[in-house]
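Engineer: Sequence first, predicted coordinates after that:
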2 protein chains.
Amino acid sequence: MRLATLHSGTPDGKLVVLSHDNLRFLPGPTDTLQSLLENWKEESASLAALAQRLDGGEGEALDPSSFLAPLPRAWQWLDASAFITHGRLISEAYGIEMPATDPPLMYQGLSHRFLAPSEDVVLRTQDYGLDFEGEFGVITDAVPMGVSAQDALAHIKLVVVINDWSQRAFTMSEMKRGFGWLHAKPASAVAPICVTPDELGDAWADGRVCLPLHITWNGELFGRPNGREMDVGFHDLIAYAAQTRDLPAGTIVGSGTVSNADYAQCGSACIAERRAIETIATGNAVTPFLAFGDVVRVEACSDSGDALFGIIEQRIVPFDK
Amino acid sequence: MRLATLHSGTPDGKLVVLSHDNLRFLPGPTDTLQSLLENWKEESASLAALAQRLDGGEGEALDPSSFLAPLPRAWQWLDASAFITHGRLISEAYGIEMPATDPPLMYQGLSHRFLAPSEDVVLRTQDYGLDFEGEFGVITDAVPMGVSAQDALAHIKLVVVINDWSQRAFTMSEMKRGFGWLHAKPASAVAPICVTPDELGDAWADGRVCLPLHITWNGELFGRPNGREMDVGFHDLIAYAAQTRDLPAGTIVGSGTVSNADYAQCGSACIAERRAIETIATGNAVTPFLAFGDVVRVEACSDSGDALFGIIEQRIVPFDK
């Protein structure tokens, strides 16, 4: 199943169910995606019935400009760093000790706002080193404290694509202070369509999204690393997060920048990683961070060309107070 | 004005306005505190009228067992470490470099749940080094990105008392990994009554709550440090947080553990600080962390004995899956 949230004048938007070609929709079984996630079991029959009606050709034509993020705000956003190649490259380039990745690296991120897939990214200054981070993510229903990784799989209700915007001017200094990231991590953007894991077919395996994530910067392909290489699956990340807390329905868990061992072939999902590769190779990072007017596009298609999650495509614009 | 949220069977509870003796209430002008914070300006006349009716003797008798946290869940919880004495003691005791405090230290905390003031604290194990942290906090309306500290003062709508529960077994290892705190910071508890700054009289000065915070552990006074010694005021903390983001209405900003230079006289607001003082003095920390069955109480009264925020009093209990 494919779900999306459309603009409706309310902060949480209006939930819709989409046809498999992403062209038609019917109103969801609940008003909002948050409400569906809180009542997934009770609503699953209605959801299946709506999907069937869409398969039968029903539904209204979709206006892509009305997409919000699937959850325009969420009660929790936990972002990991589950691609070890990324950590290794950054550590090597900047001479910092590679942090242990068992247990996984994960931070509590800003969750009161997720940018719509075509919403401008508003910056006060270009000097903060704005960077994209292409990621996969999952959205859970309510997860009890102490859940096992195996049991966590069933709590993964939806899969998403994320651009975790990052301000590199703050990354290292905030890491060193030990309090985690605040200014380094402004609001992320989410691709318009979230899909149930079964929608991915064989591309959903062992709690991982085994698809390339295409990142385009001003029309040029920047990278297409595959989600298959996650060191741990999303179910492991959920079990890790739930070690000491319940997770509320609507928790979004991110993979961190997708990164592959054959980065020389497939490129990177963030500028920081390319700069690290440049630094390791030549001692100098030459690729700049983003500037006003730049456009970044993130998408993940199936092998057969199915657009699946739809497209994040955003422009960087100056803050006009 | 004094506001509280009572149990109503819904996640966000029911907003009430309280009399100045904390004994009577009238239903709030909006259903929830979150909704009031989103519409503060529009609702301020209704709010004042309710307070006046309470001053005239109207209102229903309050049942303190029905208190939830003022915001049982919030879109954002930003906790600072704004008492330099605390940072100095911890750094000296454990031989770690004192992090720079300009800009202020602040982390993004778990905000999907705030414990009710008399709710049990449920732990899977005593081995995580559970500790209390007595703090003051403020709740804002919507704050625009780039706000000045001076302008931020007007966005402080309410003042609260917080017990920022902490699991010390994770504190240092999570700091070292650079991703901030996840397991070190489970859900915090909040005292039942939140007050407008004017309710504090002279005790609200320069964006600080100039009152002693009383911490009692199993009936014994543990500390009573004063909020006056904050290095920066809450308005400075808000301006710092808003440097790169809008803050949504209902953002809670915490002071961090209240800590005073004369800690030998006034004690501490967390066990970690007392253990640091012991370590500096003798090389050994002797005070243990909390155990199942322990009861911790946090409160801040006015000089004249007004209970103001009411009482947080919680027991530590084992998780029974």
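Structural biologist: Everything's here; your move.

Engineer: can you list the weak-confidence ranges in the stretch 201-321 of chain A?
Structural biologist: Applying pLDDT under 70 to the stretch 201-321 of chain A flags residues A:321.

Engineer: Where do the helices of the stretch 101-250 of chain A begin and end?
Structural biologist: Per DSSP state H, counting those that start in this stretch, the stretch 101-250 of chain A carries helices over the ranges A:149-152, A:168-177, A:234-241.

Engineer: Quick one: those as a markdown table, columns for mean neighbour count and distance to B:Leu6 too.
Structural biologist: All C-beta spots, glycine's among them, are computed from the backbone N, C-alpha and C. Shown next, in a markdown table, are those (neighbours: other C-beta atoms under 10 Å in any protein chain shown; distance: least, C-beta to C-beta, whole Å):
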| stretch | mean neighbour count | distance to B:Leu6 |
| --- | --- | --- |
| helix A:149-152 | 17 | 35 |
| helix A:168-177 | 18 | 39 |
| helix A:234-241 | 25 | 31 |
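
Engineer: So for B:Thr282, which of the ones you listed sits nearest?
Structural biologist: B:Thr282 lies closest, by C-beta to C-beta, to one member of these: helix A:168-177, at 29.3 Å.

Engineer: name the helices or strands packed onto that closest one?
Structural biologist: On a contact count with 3 or more C-beta pairs under 8 Å, 6 or more residues apart in numbering or on different chains; DSSP states H and E, helix A:168-177 meets helix A:271-282.

Engineer: ok and the helix it packs on relative to helix A:168-177, angle-wise?
Structural biologist: Orientation of helix A:271-282 against helix A:168-177 (axes from the mean of the first three to the mean of the last three C-alpha atoms, to 10 degrees) gives an angle of 80 degrees.

Engineer: what comes into contact with helix A:271-282?
Structural biologist: Contact partners of helix A:271-282, identified using C-beta atoms under 8 Å, 6 or more residues apart in numbering or on different chains, comprise A:86, A:89-90, A:92-94, A:131-132, A:166, A:168, A:171, A:222-223, A:257, A:259, A:263, A:267-268, A:284-290.

Engineer: rerun at 7 Å
Structural biologist: A:86, A:89-90, A:92-93, A:131, A:168, A:257, A:259, A:263, A:268, A:284-287, A:289 (C-beta atoms under 7 Å, 6 or more residues apart in numbering or on different chains).

Engineer: before we move on, what about stretch A:93-112?
Structural biologist: A:73-82, A:84, A:87-88, A:91, A:180-181, A:185-187, A:231-232, A:236-237, A:240-241, A:276, A:279-280, B:75-76, B:108-110, B:177-180, B:182, B:245, B:248.

Engineer: and the stretch 51-200 of chain A, which residues reach chain B?
Structural biologist: Counting by C-beta under 7 Å from any C-beta of the partner chain, the positions of the stretch 51-200 of chain A adjacent to chain B are A:73, A:75-76, A:99, A:105-110, A:112, A:124, A:128, A:145-146, A:167, A:175, A:177-183, A:186-187.

Engineer: can you check the stretch 201-321 of chain A too?
Structural biologist: Contact residues, the stretch 201-321 of chain A versus chain B (C-beta under 7 Å from any C-beta): A:241, A:243-245, A:248, A:319, A:321.
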